[in-house]
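1. here is the input, now give the coordinates:
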Amino acid sequence: MKILVLHSDVPPDAPPEDRDTLIAAQAIADALVSRGHTAPLASFTYAKDPDGLRRLIAALAPDAVFNMVEGIGGQGRLAYLAPQQLDLIGVPYTGTGAAALILTGDKAATKRLLRSHALPTPDWSEPPRWEGLTDGRWIVKSADEDASVGLDDGAVVDALQVAPRAEACGRRFGGRWFAEAFVDGREFNIAVIEENGAPRVLPMAEMRFEHWPDDRPRIVGYIAKWDDASFESRQTVRRFGVETREPVLARELKALCERVWTLFGCRGTARVDFRVDGQGRPLILEVNPNPGIAPDAGLVVAAAEAGLDYADLIEGVVREALR
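-> Reported below is the predicted structural model:
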């Protein structure tokens, strides 16, 4: 087949989370070629040329598009424009559609939908009124960007510091910011892939904070994700095996992942992030359709734990898009 690998238009001076998209796109193309497919790469240049994708599809006539567009102009909340255009053009593509990306791109809206379906998620508060802020610790997060932008030790604050922190982050990074009740518990990042039209929950990864100072909040922040040489990256260690060690917890996490997949209309791949509180209750932090799929990404590591090599994973994602 001919599979067009469509990726974000990433400038040379882009931050590491954006450059990672290019690494993933090249790895995907290489994997497809290794299986006998043709895999041209192209940027999604919507901001410069709104009709460029239509001309590109007409010229290449691909059997499908592997959608690796994670944002436009560095704004992840605009990633929905790629599947929206692909739907209008009428070409099959991998991953989740525009409607689900719009919804999950607004983290507060995601939490409202989770809560309305009796799915567990920590309490939260939004500007400008900041209703519901109570004593205790809160984590100030971007409402519409991922990749842990703005997450560092200073993101975890008491209620009186929430508004000043959110305003400072808005000035520095742009976008909207909100606060979530900080759950000082265990963290799980659980990958899900589509197989035969249904979700398959991959081996569950717990993020362990090894030799972590007691005075630092246990979060997987921006440095941990994007600076491999940092203490934060080296000491946030992925551990598998909860299915064997704690089967009751694992069954609950699996059931929640499956419900989230269906509720949000996920396709292809997804990741659901959890905290498990001191009483052993899982709480859903975020829903990430189309998560990172570079060779070192958590989803890829979980797939390998399940016995899928990289080319197996990539070809399977394409196969589901063509169902």
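2. when you work out contacts or count neighbours from here on, use the C-alpha atoms and nothing else.
-> OK.
3. what ranges does the stretch 151-300 of the chain have for its helices?
-> Secondary structure of the stretch 151-300 of the chain (DSSP state H, counting those that start in this stretch): helices at 159-173, 222-226, 231-235, 242-245, 247-264, 298-305.
4. which of those sits most buried?
-> Mean neighbours per residue, mean count of other C-alpha atoms under 10 Å, is largest over these for helix 298-305, with a mean of 20.
5. who touches that one?
-> With contacts defined as C-alpha atoms under 8 Å, 6 or more residues apart in numbering, helix 298-305 is touched by 189-192, 202-205, 271, 291-295, 309-310, 313.
6. which of these are buried? Put it as a PyMOL command.
-> Provided next is the PyMOL selection string for whichever of the contacts of helix 298-305 are buried by 16 or more other C-alpha atoms under 10 Å:
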select buried, resi 189+190+191+192+202+203+204+205+271+291+292+293+294+310+313
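7. residue contacts, Ser272?
-> Careful, residue 272 is Val and not Ser. 189-192, 257, 284-288.
8. export those to a markdown table and tack on distance to Leu114 and pLDDT?
-> Below are the contacts of Val272 laid out as a markdown table (distance: C-alpha to C-alpha, whole Å; pLDDT from 0 to 100):
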| residue | distance to Leu114 | pLDDT |
| --- | --- | --- |
| Asn189 | 17 | 97 |
| Ile190 | 17 | 98 |
| Ala191 | 18 | 98 |
| Val192 | 18 | 98 |
| Cys257 | 12 | 98 |
| Ile284 | 8 | 98 |
| Leu285 | 10 | 97 |
| Glu286 | 10 | 95 |
| Val287 | 10 | 97 |
| Asn288 | 13 | 95 |
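9. out of those residues, what pair is the most spread apart?
-> For those, with distances taken as C-alpha to C-alpha, the pair at the greatest spread is Val192 and Leu285 (15.6 Å).
10. for the contacts of Val272, which one is nearest Asp87?
-> Top of the list for closeness to Asp87, among those and by C-alpha to C-alpha, is Asn288 at 20.5 Å.
11. enumerate the beta-bridge partners assigned to that closest one.
-> Beta bridges link Asn288 to Arg271, judged by DSSP bridges.
12. that one is in contact with Ile102, isn't it?
-> No. Contact criterion C-alpha atoms under 8 Å: Asn288 and Ile102 do not qualify, at 11.4 Å.
13. look at these two and report which has more neighbours.
-> Using other C-alpha atoms under 10 Å, the more surrounded residue of Asn288 and Ile102 is Asn288, with 22 against 18.
14. ok, back up a step: dump the helices of the stretch 151-300 of the chain into CSV; add distance to Ser43 as well.
-> Formatted as CSV, the helices of the stretch 151-300 of the chain follow (distance: least, C-alpha to C-alpha, whole Å):
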stretch, distance to Ser43
helix 159-173, 24
helix 222-226, 23
helix 231-235, 30
helix 242-245, 39
helix 247-264, 27
helix 298-305, 23
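15. out of those helices, which is closest to Ala181?
-> Minimum separation from Ala181 across the helices of the stretch 151-300 of the chain (C-alpha to C-alpha) falls at helix 159-173, 9.5 Å.
16. packing partners of that closest one?
-> strand 137-142, strand 177-181 (3 or more C-alpha pairs under 8 Å, 6 or more residues apart in numbering; DSSP states H and E).
17. can you check what angle separates it from strand 177-181?
-> With axes from the mean of the first three to the mean of the last three C-alpha atoms, to 10 degrees as the basis, helix 159-173 and strand 177-181 are set at 140 degrees to each other.
18. need the residues that contact helix 159-173.
-> 127, 130, 133-138, 140-141, 149-150, 155, 176-179.
19. repeat that for 7 Å
-> By C-alpha atoms under 7 Å, 6 or more residues apart in numbering, the surrounding residues in contact with helix 159-173 are 133-138, 140, 150, 176-179.
20. send the alpha carbons of that helix over as CSV?
-> Extracted in CSV, the C-alpha atoms of helix 159-173 (Å, rounded to 0.1, in the frame of the first residue of the first chain):
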residue,chain,number,x,y,z
ALA,A,159,-5.4,27.2,47.2
LEU,A,160,-4.3,30.8,47.7
GLN,A,161,-1.5,30.4,45.1
VAL,A,162,-3.7,28.9,42.4
ALA,A,163,-4.8,32.1,40.7
PRO,A,164,-1.3,33.7,40.7
ARG,A,165,0.3,30.6,39.3
ALA,A,166,-2.3,30.2,36.6
GLU,A,167,-1.9,33.9,35.6
ALA,A,168,1.9,33.5,35.4
CYS,A,169,1.7,30.4,33.3
GLY,A,170,-0.8,32.1,31.0
ARG,A,171,1.6,35.0,30.5
ARG,A,172,4.6,32.7,29.9
PHE,A,173,3.0,29.9,27.8
